[in-house]
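Got a predicted model here, sequence first, then my questions.
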Amino acid sequence: MRTGENGPAPGPGGAADAEEAPRYLGIDVGGTKVALRAESATGRAEETSFAWGPGRDADHDLARLAEHVGALAARSGAPFRAVGVAMPATVGPDERVTAWPSRPEWTGLPLGPALRALFPGAAVVWADDGDLAALAEAEAAACADLLYLGVGTGIGGGLVLGGRLCPGPAHGSFELGHLVVELDGPVCVCGRRGCLQATASGPATLARAERLRGAPVTFDELRAGLRAGQSWAVTALDRTGRALAAAAVGVAELLHPRLAVLGGGFAAGIPELADRTAEHLAALARPGLAPLPVAPARLGGLSSLRGAVLLARGQ
């Protein structure tokens, strides 16, 4: 909604006040937390977030979201022109949620109508959270051809080519986590064997460390084991880095990104993972071809949220 056309007229400050009013909203919907970022035309921003526990049903979750969006809109005093939403769920062409393991209660929800009902008069768009993380990291790195690998509870990913998402929201998400990297690998939640997610996610890495150690391993214990050079920790992380490198090499052979970025909560807490992945990328490089460079995410846990804002700004 454009201020002064279908909405409230500019206040005493005129055009300057209108430029500072939040016009774009980004929402990063997670399994346990939702983050929101409102930006004005000039980039002035306000961020907030809230936690939500185990899902009761989609209507309850949407009511919680509406409550926090309403509070943010009330503080801004202006309607949003466009809203971008980063979703971890799989959404079909009919705008219905087809799968979301973290909140199965959303399965079958008509996402498009539900979101548009929250923002009447605004353009509402959504995309996979990994795709939007890639979009934001590409802008932050000033790299128009970038592969994003998000390592957390699962594996997310995104690819930007020529400054645009590939394949793009209209054609589905970039499902890097379900790229098969080990034909006889562990069973994935999707039912196949050998998906990247089944080998290289945070829980998969911790489970492997536990088997090697012969005792339960927490995230902090894995980090301590890596610092101490414990073989069980080093070996567990090495296989994760090898799987990530295999996936990145496969993408690079076909689509030629210039940079791989490693993000996600698990990767952010274990900086050694970027080095391990880079080592395996170098080992997998074909003669005469430079290995794909890899770097930690510049935006950390904010990648998907910033990407959601960029998606809104593109409307």
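Okay, I see it.

how near is residue 146 to residue 82?
Residue 146 sits at a distance of 24 Å from residue 82 (criterion: CB to CB, to the nearest Å). From N, CA and C alone the C-beta is placed, and that goes for glycine too.

er, residue 272 I mean
Between residue 272 and residue 82 the computed distance is 40 Å (CB to CB).

neighbour-wise, which of these two wins?
With neighbours defined as other CB atoms under 10 Å, residue 272 and residue 82 compare such that residue 82 has more, 20 against 16.

Would you state the strands of the stretch 101-250 of the chain in chain order?
Counting by DSSP state E, counting those that start in this stretch, the stretch 101-250 of the chain has these strands, from start to end: 123-128, 146-151, 155-161, 164-166.

Next, format those strands as JSON lines and append mean pLDDT.
Converted to JSON lines, those look like this (pLDDT from 0 to 100):
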{"stretch": "strand 123-128", "mean pLDDT": "93"}
{"stretch": "strand 146-151", "mean pLDDT": "97"}
{"stretch": "strand 155-161", "mean pLDDT": "95"}
{"stretch": "strand 164-166", "mean pLDDT": "92"}
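
okay, these, which one's buried deepest?
Here the criterion is mean neighbour count by mean count of other CB atoms under 10 Å, and of the strands of the stretch 101-250 of the chain the winner is strand 146-151, at a mean of 29.

mind listing what that one pairs with, with the direction of each?
Each strand paired with strand 146-151, and its direction, by DSSP bridges: strand 155-161 (antiparallel), strand 259-263 (parallel).

Now find how far off-centre it is within its chain.
Average the C-alpha atoms of strand 146-151, do the same for its chain, and the two points are 9 Å apart (CA atoms, centre = their mean, to the nearest Å).

Name the residues that touch that strand?
Residues lying outside strand 146-151 but in contact with it, judged by CB atoms under 8 Å, 6 or more residues apart in numbering, are 129-130, 133-134, 137-138, 155-160, 176, 200-202, 240, 244, 247-248, 251-252, 257-267, 273, 292, 297, 303.

So for residue 96, which of the strands of the stretch 101-250 of the chain sits nearest?
Minimum separation from residue 96 across these (CB to CB) falls at strand 123-128, 12.5 Å.

send the alpha carbons of the closest one over as CSV?
Taking only C-alpha atoms (Å, rounded to 0.1, in the frame of the first residue of the first chain), the coordinates of strand 123-128 have been written out as CSV:
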residue,chain,number,x,y,z
ALA,A,123,1.8,-7.6,-1.6
VAL,A,124,2.7,-10.9,0.1
VAL,A,125,5.3,-13.3,-1.2
TRP,A,126,7.2,-16.2,0.2
ALA,A,127,10.1,-18.5,-0.6
ASP,A,128,12.1,-21.3,1.0
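
what angle do it and strand 155-161 make?
Here strand 123-128 runs at an angle of 120 degrees relative to strand 155-161 (axes from the mean of the first three to the mean of the last three CA atoms, to 10 degrees).

from the chain's centre, how far out does strand 123-128 sit?
13 Å.

which residues touch it?
Contact partners of strand 123-128, identified using CB under 8 Å, 6+ apart, comprise 81-88, 91, 111-112, 115-116, 118, 156, 158, 165, 169, 173-174, 307-308, 311-312, 314-315.

Okay, domains of the protein per the record?
If you go by automatic domain parsing, the domain ranges for the chain are 15-121, 132-298.

hey, which of these is tucked in deepest?
Comparing the domains of the chain by mean neighbour count (mean count of other CB under 10 Å), domain 132-298 comes out on top with a mean of 19.

Endpoints of that one, how far apart?
Taking CA to CA, to the nearest Å, domain 132-298 runs 14 Å from one end to the other.

And the pLDDT at residue 3?
The predicted structure scores residue 3 at 27 on the pLDDT scale.

ok so, going back, quick one: which of the contacts of strand 146-151 sit in helices?
Among those, the members falling in helices (DSSP state H) are 129-130, 133-134, 137-138, 200, 202, 240, 244, 247-248, 251-252, 265-267, 273, 303.

Quick one: residues contacting residue 186.
193-194, 198-199, 204.

let's go with 10 Å and repeat that
Contacts for residue 186 (CB atoms under 10 Å, 6 or more residues apart in numbering) come out as 193-195, 197-199, 204, 207-208.

What is the nearest of these to residue 100?
residue 197 (14.5 Å).

Next up, the contacts around the closest one.
When contacts are counted by CB under 10 Å, 6+ apart, residue 197 touches 151, 153-157, 175-179, 181, 186, 188-190, 203-204, 243, 247.

again, 7 Å this time
Applying CB atoms under 7 Å, 6 or more residues apart in numbering to residue 197 gives the contacts 154-155, 177-178, 188.

Including distance to residue 49, could those residues go into CSV?
Conversion of these to CSV gives the following (distance: CB to CB, whole Å):
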residue, distance to residue 49
154, 20
155, 23
177, 24
178, 28
188, 29
